[in-house]
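Student: have a look at this fold, sequence not included:
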């Protein structure tokens, strides 16, 4: 009875699997510093065991990412277990390894979407950011092949100073391709350096670009989504995130599992947010553990930092994206990339 009451309050509806930290690229903005695999990464059987436990916790969707998820030979077996348990599967990939054989298997999985990263409107910019020659042309080819196979496809762009001015060109490249375009800001975690971080002025300009693009183009022409880092509570912009912001969902509706079994509320958070390991405790035990993700589950307005102190939305917003706040300021609950803050204090734009 206690478990039933608890699980109704907090359900990990969205699971994030870092299948491996191994990657075939060396992206300059990678928040995970992906490249080599972690020591003692989970086996197929261990991942499938995790999936069964998440199904018991009423998980609805699991995203497979990395590193590069398709670099693991057992990605299909892990995906099939997720699908067989009635959970939706999505993928986040750099696209390079998605060939004909992978697409054939993906059609059997029927994923909610396959997300492929494109970080520039030109091959020069994209390949520079991705640190792999010909990756731009390869990504465009893969996206075309995914669509021909009838697979839902999303393009993810991480915005930084190198590609900020190429957003209009990238929009032109993607329009009327029957794909979703997801935009997010690159934050200074892992390999990404602060000197490539968008300024507040560039950040707000990117938000204006998203909002205006969504007004100019229909959902049929190009659905555009700004992720959780595009907020919050603007009086001017129509919500670039599409969905209302209700605070960081780490440990509330989201759970992240690293390839070595370490568990966090969200994979974007640094190592000090590790809450346990699935080789020592079950996912259910970790999720139910008193104090799990207490920074969100037991949030108090007194936790707010920086310019969020005293904000009327503080309790609901919880200081914006936790990962962005930590990456930029080194502190929780005080994301400076906030529409409300910028609009009320335009002088901070310099």
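Tutor: Looks like it arrived, so ask away. Every value quoted in this text rests on a predicted model; they were computed, and no experiment measured them.
Student: the helix or strand residue 326 falls within: what's the following helix or strand?
Tutor: Using DSSP states H and E, residue 326 sits within helix 322-329. Downstream of helix 322-329, the first helix or strand assigned by DSSP H and E is helix 339-344.
Student: quick check: mean pLDDT of that next one?
Tutor: The pLDDT scores in helix 339-344 average 92.
Student: what residues of it count as buried?
Tutor: Within helix 339-344, the residues that count as buried by 16 or more other C-beta atoms under 10 Å are 339-342. All C-beta atoms are positioned from the backbone trio N, CA, C, and that covers glycine.
Student: so how far is the helix holding residue 326 off the chain centroid?
Tutor: Centroid displacement of helix 322-329 relative to its chain, using C-alpha atoms, centre = their mean, to the nearest Å, is 14 Å.
Student: per-residue confidence averaged over it?
Tutor: 94.
Student: before we move on, the earlier item: any chance of the buried residues of helix 339-344 in CSV, plus distance to residue 325?
Tutor: Formatted as CSV, the buried residues of helix 339-344 follow (distance: C-beta to C-beta, whole Å):
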residue, distance to residue 325
339, 15
340, 15
341, 12
342, 15
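Student: burial count for residue 275?
Tutor: 21 (other C-beta atoms under 10 Å).
Student: ok, it - contacts?
Tutor: Residues near residue 275 by C-beta atoms under 8 Å, 6 or more residues apart in numbering: 251, 263-265, 286, 289, 292-293.
Student: are any of the residues you listed buried, and which?
Tutor: 251, 263-265, 286, 292-293.
Student: export those residues to TSV and append columns for pLDDT.
Tutor: Output for those, formatted as TSV (pLDDT from 0 to 100):
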residue	pLDDT
251	98
263	99
264	98
265	98
286	98
292	98
293	98
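Student: pull the distance from stretch 242-252 to the chain's centre.
Tutor: For stretch 242-252, the distance to the chain centre is 13 Å (C-alpha atoms, centre = their mean).
Student: in it, what's buried?
Tutor: Buried, per 16+ other C-beta under 10 Å, within stretch 242-252: 245, 247-252.
Student: from those, which single one is nearest residue 202?
Tutor: residue 245 (20.6 Å; C-beta to C-beta).
Student: now stretch 21-41: buried residues?
Tutor: Buried residues in stretch 21-41, defined by neighbour count with 16+ other C-beta under 10 Å: 21-25, 27-32, 34, 37-38, 41.
Student: tell me where the stretch 101-250 of the chain has helices.
Tutor: 123-130, 135-148, 167-174, 200-216 (DSSP state H, counting those that start in this stretch).
Student: list the residues that contact the closest residue to residue 340 other than its chain neighbours.
Tutor: Residue nearest to residue 340 in three dimensions, not counting chain neighbours: residue 233, with 4.4 Å by C-beta to C-beta, 6 or more residues apart in numbering. The contact partners of residue 233, taken as C-beta under 8 Å, 6+ apart, are 245, 313, 317, 338-340.
Student: and if we set it to 10 Å?
Tutor: Contact partners of residue 233, counting by C-beta atoms under 10 Å, 6 or more residues apart in numbering, are 239, 244-245, 311-313, 316-317, 320, 338-341, 343.
Student: phi, psi for it please.
Tutor: Torsion angles at residue 233 (phi, psi; degrees, to the nearest 10) stand at phi 60, psi 50.
Student: CSV for the buried residues of stretch 242-252, including distance to residue 270?
Tutor: Below are the buried residues of stretch 242-252 laid out as CSV (distance: C-beta to C-beta, whole Å):
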residue, distance to residue 270
245, 22
247, 19
248, 14
249, 17
250, 12
251, 15
252, 19
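Student: just give me the closest of these to residue 17.
Tutor: residue 250 (15.3 Å).
Student: can you pull the contacts of that closest one?
Tutor: By C-beta under 10 Å, 6+ apart, the neighbours of residue 250 are 16, 256, 264-269, 273, 275, 293, 295-297, 318, 321-323.
Student: residues contacting the closest residue to it other than its chain neighbours?
Tutor: Closest residue to residue 250 apart from its sequence neighbours, by C-beta to C-beta, 6+ apart: residue 265 at 2.8 Å. Taking C-beta under 10 Å, 6+ apart, we find residue 265 in contact with 12, 16, 248-256, 273-275, 287, 292-297, 322.
Student: can you name the two of the buried residues of stretch 242-252 that are farthest apart?
Tutor: 245 and 251 (16.8 Å).
Student: in helices only, show me the contacts of residue 250.
Tutor: 295-297, 322-323 (DSSP state H).
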